[in-house]
Structures are given as structure tokens and as C-alpha cells.
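Colleague: Test case, fold it:
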Amino acid sequence: MSKIILILLIFILPGSLLAQKSIYSYTVKDINGKDFPMSKLKGKKIMIVNVASKCGFTPQYKELERIYKKYKKDNFIIIGFPANNFKAQEPGTNKEIKKFCTLNYGVDFPMMAKISVKGQNMADIYKWLTEKKLNGKKNSEVKWNFQKYLIGTDGKIDFVINPWVKPDNKKIIKWITGMK
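Modeller: Sure thing, here's the model as predicted:
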């Protein structure tokens, strides 16, 4: 019996541990097409948001930028991922998206290149965010534009926040500030 357990530990456990990557093992492209290694965010609280320019939630850019400016000095960062997965609400190119965000909302937080956040073409980082076998925490589904993933300083998912919850919600601010 103990041989069977030992074999299981040798062959099965390492494979399941290898499947679980850290968010820091990913490199994505920023909106200008340059590599953005997530490893440079080690030790920060990270809010990842899939964004769109023609969505009813698009005004959330304003709150996102406001909390980014207020808390970025406190080891907090927001990363925006434009995506066109919901009713074609982000049809623009990276250049058009950058111009829209800057002119209309003064977005200064890091924006990444346009990706897919669901379906067969889902970006690897969103596979990590949504699949427990990769993130070790939980399965989730991106419900709509402006869904928020809150990643703790340990690089693990702390919370998944629905799109209709505004970025300056009390729960989010408490998470950012560490207040209980």
C-alpha cells in the first residue's frame, strides 16, 4: 500500500504542482507592443481589468484612474486588458484604444495590447485567472467587460469582482489599503 502512495506522490503530485504557475511567470504585450513581464509586479497588489471603449461600464475608467492615482504609491497597480469579447464593444486597434483612454479618461495606469478573455483564443494570462488548475485558487468566468481580478502581494488571486461593481467599492478599497 505504501508503494502505491509513494508512486502517486512521485508521479502525480509534481505534475499538478507544475501546472500551477504564478502570475509572475507570464509576459504580456503592452499597448505599444512591448514585452511587459508580470514578474516586475512582484510584491504589489494588482487589479487586472478587461476593458472596452463602447460599453455601458466604460465610465469605470474614471474611477479606475482615480484609485490608481490615489494608491499607486502604496504598492498598488491596475493593469487594463482591452478585449472585444462582448458584443464587439472594443473594436479599435491598440493605437485607437490608447488614444481613446488617454483623451477621454486620462488613463495613466498600464494598458496592455488587445486580447481575448474568453473562448478558444483566450490569452494565457486569462487562462491563469480563470482556471483553478493553473492558479491554484478558483475557477471563474469573465462575465462581461470591466470584471476585476484582485491579485495579492503573494501573486495569488484574492478576489474576483463582478463588472457592475465599481472600482471604488468599499470592499476593493479595503483590499487595497489592507483595512479590515
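Colleague: Next up, the contacts around residue 59.
Modeller: The neighbourhood of residue 59, defined by C-beta atoms under 8 Å, 6 or more residues apart in numbering, contains no residues. To be clear about C-beta, it is placed using only N, CA and C from the backbone, and glycine gets the same treatment.
Colleague: Please name the nearest non-neighbouring residue to the residue nearest the centre of the chain.
Modeller: Nearest residue to the geometric centre of the chain (C-alpha atoms, centre = their mean): residue 48, 2.7 Å. Spatial nearest neighbour of residue 48, excluding adjacent residues (C-beta to C-beta, 6 or more residues apart in numbering): residue 149 at 4.3 Å.
Colleague: Next one: the one you found relative to residue 100, how far apart?
Modeller: Per C-beta to C-beta, to the nearest Å, residue 149 is found 23 Å from residue 100.
Colleague: if we can go back for a sec, could I get the buried residue list for the strand or helix carrying the residue nearest to residue 48?
Modeller: Assessed by DSSP states H and E, residue 149 sits inside strand 148-151. Within strand 148-151, the residues that count as buried by 16 or more other C-beta atoms under 10 Å are 148-151.
Colleague: Quick check: phi and psi at residue 132.
Modeller: When read as degrees, to the nearest 10, the backbone of residue 132 gives phi -60, psi -40.
Colleague: quick one: contacts for it?
Modeller: Residue 132 neighbours (C-beta under 8 Å, 6+ apart): 138-139.
Colleague: For it, give its distance to residue 140.
Modeller: According to C-beta to C-beta, residue 132 stands 9 Å off from residue 140.
Colleague: picking that back up, isn't the residue nearest to residue 48 up against residue 129?
Modeller: Yes. If you go by C-beta atoms under 8 Å, residue 149 and residue 129 touch, sitting 5.1 Å apart.
Colleague: Need the overlap of contacts for those two.
Modeller: Between them, residue 149 and residue 129 share these contacting residues under C-beta under 8 Å, 6+ apart: 48, 140, 157.
Colleague: any chance of these in a markdown table, with pLDDT and secondary structure too?
Modeller: Shown next, in a markdown table, are the shared contacts of residue 149 and residue 129 (pLDDT from 0 to 100; DSSP: H, G, I helix; E, B strand; the rest coil):
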| residue | pLDDT | secondary structure |
| --- | --- | --- |
| 48 | 98 | strand |
| 140 | 97 | coil |
| 157 | 96 | strand |
